[in-house]
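Novice: Below are the sequence and a predicted model; questions follow.
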Amino acid sequence: MVSEIAGELARVRDAFDRPTLRLLDRKWAPFVLAVFKSSFSRDRRSVQADRLHTQVDAYLADLRSTGVDVPGRNGRALCVQWMNDQWLYRETGDDDQEQYSLTSHALEALLLVDGLSRDRALISESRLTTIVATVRHRATQANPDRDERIRRLDLEMAALAAERDRLAAGGEVAAATNNQMHEGYDNLIDLITQLPSDFKRVEESVAGMHRQIVNDFRGEERPISEVLDEYLSKTDALMSSTAEGRAFEGAIVLLRDEDLLATLKTDLESILLHPFALELSAEERRSFMSTVSLIRKGVDDVLTQRNGLTTTLREHIVNHDVVKDRELERLLREINKELAVWMETAGPRSTVTAELMPGTLELDHLRERFYDPVAHIAPPPLDDVSAFAPEPQSLDDMRTQGGPLLGELRDAIVTAFSTEGAASVGDAFNKLEPGMRRPVEILGLLQLATQVDAVDGTGRTDAESGAPATEAFDTVRPDGSCRTFTVPRITLTDADTAALAALNYGPDHD
């Protein structure tokens, strides 16, 4: 049971470390998602960098004027931070202008928030019908028995023939009600809204392959044949072994069938001709009808990324010079490599001053002594003294010599004040187990109290003696010896305790 819960905990922690849940877990998550929702849409997939900076500044000013608490940074700094958090992607567009677009992680977060904020039934006839039909279709494909497959097809054909004969004989045509159409529409919207993030994940996978292969070419550490083999194998894996890749291949098949696309567009129009569509907004109807365009756009973006990768490979193979000893080529490659490193942190208007021609070397004298093999004899081998090495310290021993355990201290103090009724931080500290009462933990407590503004800097004094209000902290050193320290008395209100519980000391805290 312990191993099972430990495995589940590891999987949950891994999920929370991903950019999607990190976005939803941040303090400013509502503001960030509102900015993304207002700045990007299905038709506006990318926004020019300067324009987005200005828009975010305007959003910040509007919210501050209404008294809403917003981040203290400007629009440019926030966009750069969101890009580093893998929520925004910056690239150069067709007009040589830098532009931002949402990553798949941001699209997934928006999709989740939209789903939670939309009023819809979790279980509907349309959704169950879709599940049953899909299961029946896959079961037919999975069964290798020829007779069983023929039997299933005969049943379907008989049911369809009976319905056709009934209608041909003048039978009643049962029209779907508005509620049924709404359920089916909501089910379709759930499926359609997942397409942009699926395409974006494929696009990001191809872009990641592009960056890796370019770095391999620049490094000149691997043969070209090896890099090409890896590219081909990754491409096959991307399109066959991942859900995103399989979805992309399905979209390719759909786009190649013009009749199927025409039928899909006609069916979308037929759905909107039902009276229930009068209850939809103009934006909802337009978005629903642009489903085919959404698929085309997603496929075009992925193909553009893949074509760029193929172009990089072709240009490198054609222009590659096998003569490795040319000094100019080596120099240019080193410059190109350093330029790529510099561009990872450089801004859009950063410049580098460089001379067109190198200056003249001024040498006082030339080398007079040449290489002598005798002067470069390796030193004698070192004696093996590993048998005299002391026993290595355990992890627990090393932790006792380190700094304060902020996470454990925070949880212990929150528990002491919220459930055990501690009178002060010192009172809570003195009741901790010896391993949590090292002298260095006092510094950790003061840091925690400072971060929630619980330390009174006005110099409070004792009401009777007039001396500063202090209390004793009974500490236990790692060697077992004890010592008492006098520390200013600190108490926590309910608000301070709640703020302390909300502190995050993970690697991605704000």
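Specialist: Everything's here; your move. Numbers count the residues shown, from 1 in each chain.
Novice: can you list the domains in the protein?
Specialist: The chain breaks down by automatic domain parsing into domains covering 2-111, 197-345, 400-502.
Novice: Tabulate those (CSV), appending mean pLDDT.
Specialist: Formatted as CSV, the domains of the chain follow (pLDDT from 0 to 100):
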stretch, mean pLDDT
domain 2-111, 82
domain 197-345, 71
domain 400-502, 82
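Novice: what about those domains, which gets the closest to Ser386?
Specialist: Nearest to Ser386 among those is domain 400-502; the distance by Cβ to Cβ comes to 24.0 Å. All C-beta spots, glycine's among them, are computed from the backbone N, C-alpha and C.
Novice: quick one: that closest one to chain centroid distance?
Specialist: Relative to its chain's centre, domain 400-502 lies at 36 Å (Cα atoms, centre = their mean, to the nearest Å).
Novice: cool, and stretch 13-28?
Specialist: On Cα atoms, centre = their mean, the centre of stretch 13-28 falls 8 Å from that of its chain.
Novice: returning to what we had before: wait, which of the domains of the chain is closest to Thr353?
Specialist: Taking those one by one with Cβ to Cβ, domain 197-345 is closest: 13.2 Å.
Novice: can you give me the helices for the stretch 251-400 of the chain?
Specialist: Shown for the stretch 251-400 of the chain, the helices assigned by DSSP state H, counting those that start in this stretch span residues 258-272, 282-289, 291-319, 327-343, 395-400.
Novice: Show the contacting residues for the closest residue to His274 other than its chain neighbours.
Specialist: Of all residues not flanking His274 in the chain, Met181 sits nearest, at 5.2 Å (Cβ to Cβ, 6 or more residues apart in numbering). The neighbourhood of Met181, defined by Cβ atoms under 8 Å, 6 or more residues apart in numbering, consists of 271, 274, 276-277.
Novice: can you name the two of the residues you listed that are farthest apart?
Specialist: Put simply, by Cβ to Cβ the two of these set farthest apart are Ile271 and Phe276, 8.8 Å from each other.
Novice: tell me, what's touching those two both at once?
Specialist: Counting by Cβ under 8 Å, 6+ apart, the residues touching both Ile271 and Phe276 are 181, 185.
Novice: of the domains of the chain, which approaches Ala139 most closely?
Specialist: Per Cβ to Cβ, nearest to Ala139 of the domains of the chain: domain 197-345, 19.2 Å.
Novice: With respect to Asp17, which of the helices of the stretch 251-400 of the chain lies nearest?
Specialist: Taking Cβ to Cβ, helix 395-400 is the member of those nearest to Asp17, at 22.0 Å.
Novice: any residues touching that closest one, and which ones?
Specialist: Residues from elsewhere that reach helix 395-400 (Cβ under 8 Å, 6+ apart): 405, 435, 438, 478.
Novice: how much space between the residue lying farthest from the centre of the chain and Ala375?
Specialist: Centroid-distance maximum for the chain: Glu368 at 59.5 Å, with Cα atoms, centre = their mean. Glu368 sits 14 Å away from Ala375 when distances are taken as Cβ to Cβ, to the nearest Å.
Novice: Could you do Gln447 as well?
Specialist: Taking Cβ to Cβ, one finds Gln447 at 56 Å from Ala375.
Novice: what about these two, which has more around it?
Specialist: Between Gln447 and Ala375, Gln447 has the larger neighbour count (other Cβ atoms under 10 Å), namely 14 against 7.
Novice: That one against Leu406, yeah?
Specialist: Yes. Using Cβ atoms under 8 Å, Gln447 makes contact with Leu406 at a distance of 7.1 Å.
Novice: picking up where we left off before, now do the SS call for the residue nearest to His274.
Specialist: Secondary structure for Met181, judged by DSSP: H, G, I helix; E, B strand; the rest coil, is helix.
Novice: What does the pLDDT read for it?
Specialist: At Met181, the model reports a pLDDT of 78.
Novice: all numbers from here: first residue = 38
Specialist: Done: numbering now begins at 38, and the last item shifts to Met218.
Novice: any idea how far it is from Leu315?
Specialist: Using Cβ to Cβ, Met218 is found at 11 Å from Leu315.
Novice: can you check Arg101 too?
Specialist: Distance from Arg101 to Leu315, by Cβ to Cβ: 40 Å.
Novice: For Leu419, find the nearest of the domains of the chain.
Specialist: It is, among those and with distance given as Cβ to Cβ, domain 437-539, at 29.2 Å.
Novice: Please could you give me each C-alpha atom of stretch 450-462, formatted as PDB?
Specialist: Taking C-alpha atoms only, stretch 450-462 is exported to PDB below (Å, rounded to 0.1, in the frame of the first residue of the first chain):
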ATOM      1  CA  ILE A 450       4.500  26.200  12.800                       C
ATOM      2  CA  VAL A 451       1.200  26.300  10.800                       C
ATOM      3  CA  THR A 452       0.100  23.100  12.600                       C
ATOM      4  CA  ALA A 453       1.100  24.500  16.000                       C
ATOM      5  CA  PHE A 454      -0.900  27.700  15.500                       C
ATOM      6  CA  SER A 455      -3.900  26.300  13.700                       C
ATOM      7  CA  THR A 456      -4.600  23.100  15.700                       C
ATOM      8  CA  GLU A 457      -2.400  23.100  18.800                       C
ATOM      9  CA  GLY A 458      -3.000  26.600  20.000                       C
ATOM     10  CA  ALA A 459       0.600  27.800  20.300                       C
ATOM     11  CA  ALA A 460       1.000  31.100  22.200                       C
ATOM     12  CA  SER A 461       4.100  32.300  20.200                       C
ATOM     13  CA  VAL A 462       6.600  31.100  17.700                       C
END
